[in-house]
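Visitor: I'd like to go over a predicted model; first the sequence, then the structure.
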Amino acid sequence: MVSKARQEPRSSSSKVAMDAIPAPPLLLRTPTSPGIDLLLPNPKADKKQSVSVLELRREPRTIPAPFVWPPDDTGPTSAAELDVPVVDVSVLPNGGDAAGLRLAAAQVAAACAAHGFFQVCGHGVDADLARAALDGANVFFRLPLAEKQRARRVPGTVSGYTSAHADRFASKLPWKETLSFGFHDDDAAQSLVVVDYFTGTLGPDFEPMGRVYQRYCEKMKELSLTIMELLEVSLGVERGYYRDFFEDSRSIMRCNYYPPCPEPERTLGTGPHCDPTALTILLQDDVGGLEVLVDGEWRPVRPVPGAMVINIGDTFMALSNGRYKSCLHRAVVNRRHERRSLAFFLCPHADRVVRPPATVATPRRYPDFTWADLMRFTQRHYRADTRTLDAFTSWLISSSDGPAHQQAA
Ligand SMILES: C=C1C[C@]23C[C@H]1CC[C@H]2[C@]1(C)CCC[C@@](C)(C(=O)O)[C@H]1[C@@H]3C(=O)O
Ligand SMILES: O=C(O)CCC(=O)C(=O)O
Ligand SMILES: [Fe+2]
């Protein structure tokens, strides 16, 4: 299966219409179904007016300037796909298959020490649930913009709907819309946090959609803890150290929607970044677009039907004291196919101190920190093009609003 990302010749079907009405922020909607709703800051107008519509109605030669990324970020895709093992994690819950567990641990150890990416099968996530979650993304992102805006991101948080992060950044805008919400099951008996998010934000009609993502996030947490056990085995650390660390996790679920783009070579669906979180479980559709920077080349990660992509984030790189790598990756877009990906970002409880187990802790590579500190950094200082943990570590030690100074004060 060859990834469709960027492979397509320029399509004449992506007719778009230009009808700029000067007022902020500009709404870019490509009428090709379903198109992309992007609210763009409009430099030419004062800030008080409402949304206007920039409908591109001609075969675009250029996408709006805020979407153009530097050539270093939009470099070519390698012809060589990344050789990512598909690890059968069904060996874990029963633990009976010693040989299978050894194989899985060896596959994970090699991949995580090299580039931090592997895929999993035998994950226990029902195919119907996975499909419903992907289909739910289609339903949500095809809603009229006014409806999506009812879930717009609350400044200073990750939760909510954003289009191109135009509410946060004025340049290097990603060619995507996203919907993010939190997940934890601290008081599962009392409340279903994801159902409550959908009904509270979008109304009672969205309860069925909320129940799909509630169930999906519950399965994601289960799978995350299984993978934590496998990481313990692969690193030879005491059993339970990582699993217990994430028992009270408060994670982030994100639906990514990447519309077709008239000039995919000049922009990015998600810019080069390392995930600051601990572990990412990515369910992608069959279009392809995820790429990992390995030995200076952007290597595609092929969608494997039924499998889920797992990658190590910065927080787990610190928990493994640098033994496992959190690596730069990006998502490219293409001219003809929309693409969806669902990213479950496993995060520790905000107050947990990120510290590697004794087995791998010397010499220490990173200072102690809490996820709350790293999360605040990503929301205040973070850009997709920095190596997060290195930037965070120096911020942690040197910055005036870093926790070290607060503690000292
Ligand atoms: C804690 C997070 C911040 C981001 C979502 C999660 C984990 C990945 C981060 C992100 C995807 C890295 C690339 C830049 C970013 C701004 C994005 O393109 O969405 C990041 C997310 C964010 O800050 O919303
Ligand atoms: O959509 C993808 O393939 C990757 C997205 C990603 O890396 C992210 O959201 O952190
Ligand atoms: Fe990522």
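Guide: Nice, thanks for sending it over. Residues are numbered from 1 along each chain as shown. Ligands and ions are numbered 1, 2, ... in the order given.
Visitor: so for stretch 229-238, what gets flagged as buried?
Guide: By neighbour count on 16 or more other C-beta atoms under 10 Å, the buried set for stretch 229-238 is 229-235, 237. All C-beta atoms are positioned from the backbone trio N, CA, C, and that covers glycine.
Visitor: whoops, I mixed them up, stretch 71-82
Guide: For stretch 71-82, a neighbour-count test (16+ other C-beta under 10 Å) marks 73-75, 77-78, 82 as buried.
Visitor: ok, and which of the buried residues of stretch 229-238 reach ligand 1?
Guide: Here nothing survives when the buried residues of stretch 229-238 are matched to ligand 1 using C-beta under 6 Å from any ligand atom.
Visitor: let me know the closest of these to ligand 1.
Guide: Taking C-beta to the nearest ligand atom as the measure, ligand 1 lies nearest Leu231 of the buried residues of stretch 229-238, at 18.6 Å.
Visitor: that older thread, got the buried residues of stretch 229-238 as JSON lines, with secondary structure and pLDDT columns?
Guide: Shown next, in JSON lines, are the buried residues of stretch 229-238 (DSSP: H, G, I helix; E, B strand; the rest coil; pLDDT from 0 to 100):
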{"residue": "Glu229", "secondary structure": "helix", "pLDDT": "96"}
{"residue": "Leu230", "secondary structure": "helix", "pLDDT": "97"}
{"residue": "Leu231", "secondary structure": "helix", "pLDDT": "98"}
{"residue": "Glu232", "secondary structure": "helix", "pLDDT": "97"}
{"residue": "Val233", "secondary structure": "helix", "pLDDT": "96"}
{"residue": "Ser234", "secondary structure": "helix", "pLDDT": "97"}
{"residue": "Leu235", "secondary structure": "helix", "pLDDT": "98"}
{"residue": "Val237", "secondary structure": "coil", "pLDDT": "97"}
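Visitor: and those as JSON lines, adding distance to Asp196?
Guide: Formatted as JSON lines, the buried residues of stretch 229-238 follow (distance: C-beta to C-beta, whole Å):
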{"residue": "Glu229", "distance to Asp196": "30"}
{"residue": "Leu230", "distance to Asp196": "32"}
{"residue": "Leu231", "distance to Asp196": "31"}
{"residue": "Glu232", "distance to Asp196": "33"}
{"residue": "Val233", "distance to Asp196": "36"}
{"residue": "Ser234", "distance to Asp196": "36"}
{"residue": "Leu235", "distance to Asp196": "37"}
{"residue": "Val237", "distance to Asp196": "36"}
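Visitor: ligand 2 contacts on the stretch 151-300 of the chain?
Guide: Residues of the stretch 151-300 of the chain that fall close to ligand 2, judged by C-beta under 6 Å from any ligand atom: 254, 256, 270, 275, 282, 284, 289-290.
Visitor: now, these that are in strands?
Guide: The members of those that map onto strands under DSSP state E are 254, 256, 270, 282, 284, 290.
Visitor: from those, which single one is nearest ligand 2?
Guide: For these, the nearest to ligand 2 is Leu290 (3.5 Å; C-beta to the nearest ligand atom).
Visitor: could I get the contacting residues of the closest one?
Guide: Contacts were defined as C-beta atoms under 8 Å, 6 or more residues apart in numbering; by that measure Leu290 touches 282, 284, 300-301, 309, 329-331, 341.
Visitor: next one: Leu268
Guide: 69, 73-74, 174-175, 330-333.
Visitor: repeat for Val84
Guide: Contacts of Val84 (C-beta under 8 Å, 6+ apart): 111, 117-119, 301-302, 309.
Visitor: likewise for Tyr197?
Guide: Contact analysis of Tyr197 by C-beta under 8 Å, 6+ apart lists 159, 181-182, 210.
Visitor: next, format those residues as JSON lines and append distance to Tyr216, pLDDT and secondary structure.
Guide: Output for the contacts of Tyr197, formatted as JSON lines (distance: C-beta to C-beta, whole Å; pLDDT from 0 to 100; DSSP: H, G, I helix; E, B strand; the rest coil):
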{"residue": "Ser159", "distance to Tyr216": "16", "pLDDT": "92", "secondary structure": "coil"}
{"residue": "Phe181", "distance to Tyr216": "11", "pLDDT": "98", "secondary structure": "strand"}
{"residue": "Gly182", "distance to Tyr216": "14", "pLDDT": "97", "secondary structure": "strand"}
{"residue": "Gly210", "distance to Tyr216": "10", "pLDDT": "97", "secondary structure": "helix"}
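Visitor: quick one, strands of the stretch 201-350 of the chain?
Guide: Using DSSP state E, counting those that start in this stretch, the strands of the stretch 201-350 of the chain run over 251-258, 270-273, 279-284, 290-294, 297-300, 308-312, 329-331, 339-346.
Visitor: one more: the stretch 51-200 of the chain?
Guide: Ranges of strands within the stretch 51-200 of the chain are 52-54, 86-88, 117-121, 160-163, 177-183, based on DSSP E, counting those that start in this stretch.
Visitor: tell me which residues in the longest one are buried?
Guide: Counting neighbours by 16+ other C-beta under 10 Å, one finds that the buried residues in strand 177-183 are 177-183.
Visitor: please consider this matter closed, and thank you.
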